[in-house]
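Colleague: Take this sequence and fold it.
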Amino acid sequence: MPKTERWQWYVEQFSPSEEHRHAIEEFYYAGRTPYQSVGVVRTPAFGKMLILDGDTQSSQADEKIYHETLVHPALAAAADRSQILILGGGEGATLREVLRCPDVERATMVDIDAQVVELSKRYLPEWSAGAFDDPRARVIIGDALRFLDEDQSRYGAIISDLTEPLEDSPSHPLFGAPVFAAIKARLQDGGIYVLQASTAGVHNCGLHAKMARSLRGFYRHVRSFYTHVPAFDNDWAFIACSDAVDLAKLDERTIARYVDALPGENLFYDAQTHRRLFALPLYLRRELEKKGDTF
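Modeller: This is a model prediction of the structure:
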């Protein structure tokens, strides 16, 4: 067993009483952009890792668990996959997964932080796997809120890969009734809005429930789903919103046809995994049923 003295450590503080630690083998980058702090490191357990404002965003070993979960349930259910909008997603992995779908004619990605995009291209090229150079990709560096106000296009699916809406996050202004209304206005009839939606552990699912409560005023179907992401050392939640389709009831044959049409192999998502994603534990269902604050 290696002695711990050989390592430097990245310590992620989840709360005043909870910390997660990762040993660091190599630093690729550490600095600040105009919007957030950025770290790119290599760890012995998870390989390369992107860290924003002290929070793990994705790791080489398991980023496909997160990104396949974020993207593919929504695209499997979407009636029209030709035009897809991604909010955030600076690493390019969400863009990569969207562009794996052969029905996609254009994927528009809007991220405010050009430096995160460029650092990801330089140090984490495996994440995007050429997606930034795909002729179907339209990458816009800018404010997602301004884009939603000015853009007149409509999309079969909108995928939000923004950071959590904490008060000190650049994503905080992108949560709330006016923004949710703007997103819905950019959806095609029957379109799907899906977003990463914070933690789902028994001790830290309150923010997720608040996000779900906030979205119920805008959509007929608002479904939470979740999975464990090892590098996060946490259960991570997502929300799928639509007036046309309940993703929890998506037909297995529909999912299988969609997955079979994807080039390459999935690591995580298929029809059986889909059922597991939407099978919520009792504590989370109870939390989602509570009344409380909204954005």
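Colleague: Show me the shaky parts of this structure.
Modeller: 1-5, 166, 168-171 (pLDDT under 70).
Colleague: Repeat the analysis, applying 50 as the threshold.
Modeller: 1-3 (pLDDT under 50).
Colleague: need the longest strand for it.
Modeller: strand 187-199 (DSSP state E).
Colleague: what packs against that one?
Modeller: helix 63-77, strand 155-161, helix 206-215, strand 234-242 (3 or more C-beta pairs under 8 Å, 6 or more residues apart in numbering; DSSP states H and E). C-beta: built from backbone N, CA, C; applies to glycine.
Colleague: Ok, which of those comes nearest residue 133?
Modeller: Smallest distance to residue 133 across the helices and strands packed on strand 187-199 (C-beta to C-beta): 18.2 Å, for helix 63-77.
Colleague: Only alpha carbons, please: show that closest one as CSV.
Modeller: Presented in CSV, the C-alpha positions along helix 63-77 are these (Å, rounded to 0.1, in the frame of the first residue of the first chain):
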residue,chain,number,x,y,z
GLU,A,63,-17.8,10.9,-16.9
LYS,A,64,-19.8,8.7,-19.3
ILE,A,65,-22.1,7.7,-16.4
TYR,A,66,-23.0,11.3,-15.9
HIS,A,67,-23.1,12.4,-19.5
GLU,A,68,-25.0,9.4,-20.9
THR,A,69,-27.6,9.8,-18.1
LEU,A,70,-28.0,13.5,-18.8
VAL,A,71,-28.4,13.2,-22.6
HIS,A,72,-29.8,9.8,-23.7
PRO,A,73,-33.0,9.4,-21.8
ALA,A,74,-34.2,12.8,-23.2
LEU,A,75,-33.0,12.1,-26.7
ALA,A,76,-34.6,8.6,-26.7
ALA,A,77,-37.9,10.2,-25.8
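Colleague: who's in contact with the next helix-or-strand element following it?
Modeller: Under the assignment DSSP states H and E, the closest C-terminal helix or strand after helix 63-77 is strand 83-88. Outside strand 83-88, the residues that touch it by C-beta atoms under 8 Å, 6 or more residues apart in numbering are 75, 94-95, 98, 104-111, 144, 153-163, 171, 174, 186, 188.
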